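> from the sequence below, what's the structure:
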Amino acid sequence: MNIEQSLQQAIAYAQADQMEDAEQLYYDILQINPKQPDANHRLGVLLIQKNQIKEALPLFLTALESNQNSTQFWVSYIDTLIHLQQYEEAESMLKQSRANDLAGEAFDQLEVILAAKAKTKTDVLTTSQLEPILALYSQGKIEEALKYLDLLIAQHPEEPVLYNFKGTCFYSLKQYHKAVDCYQQAIKIKPDYAEAHYNLANLFHETRRLDAAIKGYEQATYFKPDYPEAFNNLGLVFQETGKFKLAITSYGKALTIKPDYAEVHSNIGKLYKEQNQIYLSINHFKKALNINPNYLEAHFNLGISLKDLGQLDGAIACYENALKINPDHIESQSNRLFAFNYSTNYDPEYCLKEACLFGASVSNKVPAHFKHFQNSQAPTKLRIGLVSGDLCHHPVGFFLEAILSQIDTNKFEFIAYKTSTKNDALTERIKSYFFSWKVLHGLSDETAANLIFEDKVNILLDLSGHTAFNRLPVFAWKPAPIQVSWLGYFATTGLNEMDYLIADPHLVPQKNDNHFKEKICRLPETRWCFTPPNIKINTSILPGLSNGYITFGCFNNLTKTNDNVIFLWAKILRSIPKSQLFLKSKQLSEQTIQNNLLQKFVEYGINPERIMLEGYSSYKNYLASYHKVDLCLDPFPFTGGATSIEGLWMGVPVLSLCGKNFVSRQGVSILINAGLFDWIAKDEEEYLNKAIIFSSDLKKLATLRAKLREQILASPLFNTKKFTRNFEDALWTMWQQWINSSSQC
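Numbering: from 1, shown residues only. The predicted model follows:
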């Protein structure tokens, strides 16, 4: 080999960006002459470009030893020593170069760099310095950790890690403004600090500055493309803002980086659940549990999806699995109690016992109840607090709107304590009815209870019970003299601290008082009053007149349609030739659920062509769907509430089975108040017979349909003025009873 020609060829390869060819040729030259200075030096430069700094150092040294008169060889070797933080060796070599009378701008720059390194090398932040702070933080001694951090920052004012950690300490203390300042200072010092961008985004996410959170997570993933946690949280924000495709993309990137990321699978499951793709959600929850069998959230979320399919035993088992992992998981406790209402397997005595166990568990975590309430003994106006996550387009919101519009503001002022982040047009409509509007979401139970106590609330109403977004543990602190369960739930809460449950004589006959921990306050006629839908839509003529057959309907949550219900409905269809059944619910948006439901009817001898199934639609289209229905069949034991009243408003009567407990008597209360006494069946046999009788007289059904809206609008179900006066009287009576009992104590 001609070494000189080979060297020139290697240089040409390098200039042409053919680095692999150049590298191989340099190695070939060094096989023949290991000390060839130019080949050593040029190969070292090439390795530096590949970030192989350690490998380049001995090559530069060999080149320098072979030719100590080359300025470039000295500079390359010293510069590499500096990059490898071998500062003392670099300083020694720089002195040698000066001793060899070498000079120039490159050497001057090396001197400046080394001087700066010498100034800071004894002031480098070490892991051992951070360990005490980490220990204090993990022990919850945040204030002490902050003091230690301030001492370190005084020594290392340009160290971004310290500002980032300080921000995390303030974040833990919920001192968000200070946390933001710290994170931003860390980013100012180190703009590509992915972890600081991520932490700042988390803070914005929690404080609902969602656009800023998205930007922060995107910055974190830009500077650190292999950051699965940031992609996961970015997906969460996209999901919360309804950007489902972007959410799926972000979750997918997280799983590409970390395939065994159980939390991402759980989040994807929740996303599919929100889109009413229940089977897809179940698939991802199960994937999460295959990765981590002790993942509480996945057990809990799987339970919710199974409940939506009507698989109640499986759902309850999931909640109980979650409780094995964390017996104090409030959401699993509440969802388990809620699920009992859908099933015939749990009698009222068992449900009461289990609810009381829940009540005792949350009460035992409260150090002490509030005492010495500052409320006036003889107020001219009662302050009423409403705790709910459903102050929006939800049955609770619709029922509440009617009452708030009629309340005597000279005698009452209402404070909203909102427990969710949901907002819509109804939220905006009802806000003006409140004296004050406060958000409990994100507050601890103790903080929320203190807030309510300081507001001097006379009566605190819980509108959620064991449904979503409930804050029952706040009530365990007893922040108000009187606490009442109303409107959003249909069984006992189980809390000792819940004084009353508002019902009516039809929902809770006196013989059923022992189903409840609370004392029953019975309004004279009905426990709820409905606001007519804010949509212009007329009733229609009876569809059976033109169809030539009867169409039964049920638009309730599909979870209520258990096997006993399907069996009885199939029996009705078999008894009435050509009749059809129209079922509509959000779960029926998924084809697999439709197929499974149709198969159940097939097993009971019903041709699938006689069953119409429909999924989620807009509220207006939902109401318009009643134009296709001649009469509604109420499910059991969990009978309809708002759905039944909406059907009546659309001119469609409801056939309901009278049960033995609160939730199975909702239909009874509605129909009695609507003046439809004959539409209540005492047992399944009468339910079947009434369905046959009512559907056999289309003329009578058509006459009822024509007058039904007017009839129920004149009923107690829509008489907001009368209902509100009854409601106000009940509140004042509760207050007076409390005053009397307090004075006796």
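> wait, what's in contact with residue 720?
Taking CB atoms under 8 Å, 6 or more residues apart in numbering, we find residue 720 in contact with 402-403, 405-406, 529, 531. (Each C-beta comes from the backbone N, C-alpha and C, glycine too.)
> got JSON lines for these, with distance to residue 96, neighbour count and secondary structure too?
Below are these laid out as JSON lines (distance: CB to CB, whole Å; neighbours: other CB atoms under 10 Å; DSSP: H, G, I helix; E, B strand; the rest coil):
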{"residue": "402", "distance to residue 96": "92", "neighbour count": "20", "secondary structure": "helix"}
{"residue": "403", "distance to residue 96": "91", "neighbour count": "19", "secondary structure": "helix"}
{"residue": "405", "distance to residue 96": "91", "neighbour count": "15", "secondary structure": "coil"}
{"residue": "406", "distance to residue 96": "95", "neighbour count": "17", "secondary structure": "coil"}
{"residue": "529", "distance to residue 96": "95", "neighbour count": "28", "secondary structure": "coil"}
{"residue": "531", "distance to residue 96": "91", "neighbour count": "18", "secondary structure": "coil"}
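> I'd like to know which of those residues is nearest to residue 275.
Closest to residue 275 out of the contacts of residue 720 is residue 531 (28.7 Å), distances taken as CB to CB.
> and residue 357, that one's in a helix?
Yes: with DSSP: H, G, I helix; E, B strand; the rest coil as the criterion, residue 357 is part of a helix.
> how about it: what's its closest non-neighbour residue?
Of all residues not flanking residue 357 in the chain, residue 494 sits nearest, at 7.2 Å (CB to CB, 6 or more residues apart in numbering).
> report all helices and strands that the host helix or strand of residue 313 contacts.
For residue 313, the enclosing helix or strand under DSSP states H and E is helix 312-325. Secondary-structure packing of helix 312-325 (3 or more CB pairs under 8 Å, 6 or more residues apart in numbering; DSSP states H and E): helix 296-308, helix 330-340.
> residues making contact with that helix?
Taking CB under 8 Å, 6+ apart as the rule, helix 312-325 contacts 294, 296, 299-300, 302-304, 306-307, 329, 332-333, 335-336, 339-340, 342-343, 345, 559, 562.
> mind listing what's buried in stretch 380-389?
382-389 (16 or more other CB atoms under 10 Å).
> got it, and stretch 695-708?
Result for stretch 695-708 [16+ other CB under 10 Å]: buried residues 695, 698, 701-702, 704-705, 708.
> which of those residues sits closest to residue 259?
Within the buried residues of stretch 695-708, proximity to residue 259 (CB to CB) peaks at residue 695, which comes in at 55.9 Å.
> apart from its chain neighbours, what residue comes closest to the closest one?
residue 550 (4.2 Å).
> mind checking how far that neighbour is from residue 698?
The gap separating residue 550 from residue 698 is 7 Å, by CB to CB, to the nearest Å.
> residue 161 too?
79 Å.
> who touches stretch 699-711?
By CB under 8 Å, 6+ apart, stretch 699-711 touches 539, 541-542, 544-545, 630-631, 648-653, 674-675, 694-695.
> how far out from the middle of the chain is that stretch?
A distance of 43 Å separates the centroid of the chain from that of stretch 699-711, by CA atoms, centre = their mean, to the nearest Å.
> closest to residue 688 among the buried residues of stretch 695-708?
Checking the buried residues of stretch 695-708 against residue 688 by CB to CB gives residue 695 as the nearest, at 11.1 Å.
> may I have the helix holding residue 313 as CSV, with CA atoms only?
C-alpha atoms of helix 312-325 as CSV (Å, rounded to 0.1, in the frame of the first residue of the first chain):
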residue,chain,number,x,y,z
LEU,A,312,-72.8,-6.7,37.4
ASP,A,313,-71.2,-9.6,39.1
GLY,A,314,-68.0,-9.0,37.1
ALA,A,315,-68.1,-5.3,37.8
ILE,A,316,-68.6,-5.8,41.6
ALA,A,317,-65.7,-8.3,41.5
CYS,A,318,-63.4,-5.7,39.9
TYR,A,319,-64.3,-3.1,42.5
GLU,A,320,-63.6,-5.6,45.2
ASN,A,321,-60.2,-6.5,43.6
ALA,A,322,-59.4,-2.8,43.7
LEU,A,323,-60.3,-2.6,47.3
LYS,A,324,-58.0,-5.6,48.1
ILE,A,325,-55.2,-3.4,46.8
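> now the end-to-end length of stretch 659-674.
Taking CA to CA, to the nearest Å, the first and last residues of stretch 659-674 lie 18 Å apart.
> quick one: contacts for residue 436?
Here residue 436 is in contact with 415-416, 455 (CB under 8 Å, 6+ apart).
> distance check, it against residue 553.
Taking CB to CB, one finds residue 436 at 42 Å from residue 553.
> thank you, goodbye.
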